[in-house]
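A.B. asks: model this:
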Amino acid sequence: MDSLARLLELGYSANSVLAIDIMRLGFQREVQEERSWFSFLYGWCVHVADRVAYLDAIIQELELCSNDVSIAQLVVELRSDDGLVFIDSIMYFKSIRDFEVEKLANMHLFLQASRAHLERRMQFLARFNAM
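C.D. replies: Numbering: from 1, shown residues only. All right, here's what the predicted structure looks like:
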């Protein structure tokens, strides 16, 4: 029933009862959906890359503070065991950054696959439009 309803909706949207017009509109919609998915995925890649840069900045500041305690004392009051807190914090943020870097690498692979899939659909639509 869903297929029939989708076909009727495509026919109504195409303002035609010709199968070729209905199919063309269906393929155009598929390309539009793929483009929106690609755009969404690209946006997430940008977001994760920004997060990695932010974590790198945090790690750099923590390493600076742990290497030069006088700088850290300007900002916060330090106790004798706060050196361990800096080291633990650095390890914690590095593990988060490593996870985000791996996630970003996987997302880039998925983005490449999505780009190839979108290009194939666009080529098919172009061949179909040429008929």
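A.B. asks: can we go C-alpha only for contacts and neighbour counts from here?
C.D. replies: Fine.
A.B. asks: Not counting residues beside it along the chain, what's closest to Arg35?
C.D. replies: Leaving aside its sequence neighbours, Arg35 sits nearest to Leu118 (C-alpha to C-alpha, 6 or more residues apart in numbering; 7.0 Å).
A.B. asks: since we're on that neighbour, how many residues are nearby?
C.D. replies: 20 (other C-alpha atoms under 10 Å).
A.B. asks: now Gly43
C.D. replies: 12.
A.B. asks: just Arg120 next, same as before
C.D. replies: Arg120, neighbours per other C-alpha under 10 Å, totals 13.
A.B. asks: what does the one 4 residues further on give?
C.D. replies: Per other C-alpha under 10 Å, the neighbour tally for Phe124 reads 14.
A.B. asks: what's the spacing between it and Leu111?
C.D. replies: 20 Å (C-alpha to C-alpha, to the nearest Å).
A.B. asks: do Met91 as well
C.D. replies: 30 Å.
A.B. asks: could you say what helices and strands the helix or strand where the residue nearest to Arg35 lies packs with?
C.D. replies: Using DSSP states H and E, Leu118 maps to helix 82-130. Other helices and strands packing on helix 82-130, by 3 or more C-alpha pairs under 8 Å, 6 or more residues apart in numbering; DSSP states H and E, are helix 19-67.
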